[in-house]
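Q: Test case, fold it:
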Amino acid sequence: MELDLVPRLGAVIGLAVVLLVLGLLLRWTYGHQKHHALPTDDPDDPVATGLLTEVSRVPGQEAARVLRDRLRSEGIRATTSRADGGGWALLVFPRDVKDARVVLSRRSLD
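A: This is a model prediction of the structure:
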């Protein structure tokens, strides 16, 4: 009976050693990044919209959806977001700002 216990004990100890080494390796690989803070504020982007630029601000969500749909119908990718100062912001990529403003001004005169 005691002979069966030795191989089982060796397997358990071997597994524990492997898990310990793996844990230490993972901690060494990923654990040291705690001191590296990710940038959260971009001084050039006061509203924190990332790659997007605000082209219009409206008081209601439905109005923002209508404007977003108008831009999308013209082939301009756009999205809406809750604005910091209240209302809803219409956001587009920087390369589409001029086109978006033309579309919005043309549509508002119709």
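
Q: so the residue nearest to residue 55 when sequence neighbours are not counted is in which element?
A: Nearest residue to residue 55 in three dimensions, chain neighbours excluded: residue 100, at 4.6 Å (Cβ to Cβ, 6 or more residues apart in numbering). Using the backbone N, CA and C atoms, a C-beta is placed for each residue, glycine as well. Assigned by DSSP states H and E, residue 100 falls within helix 97-109.

Q: One more: residue 91?
A: Using DSSP H and E, residue 91 maps to strand 88-92.

Q: Packing partners of that strand?
A: With contacts taken as 3 or more Cβ pairs under 8 Å, 6 or more residues apart in numbering; DSSP states H and E, strand 88-92 sits against strand 53-58, helix 61-73, strand 78-82, helix 97-109.

Q: ok, and which of these has the densest surroundings?
A: Scoring the helices and strands packed on strand 88-92 by mean neighbour count under mean count of other Cβ atoms under 10 Å gives strand 53-58 as the most buried, with a mean of 18.

Q: just to revisit the earlier point, quick one: mean pLDDT for the helix holding residue 100?
A: The average pLDDT within helix 97-109 is 82.
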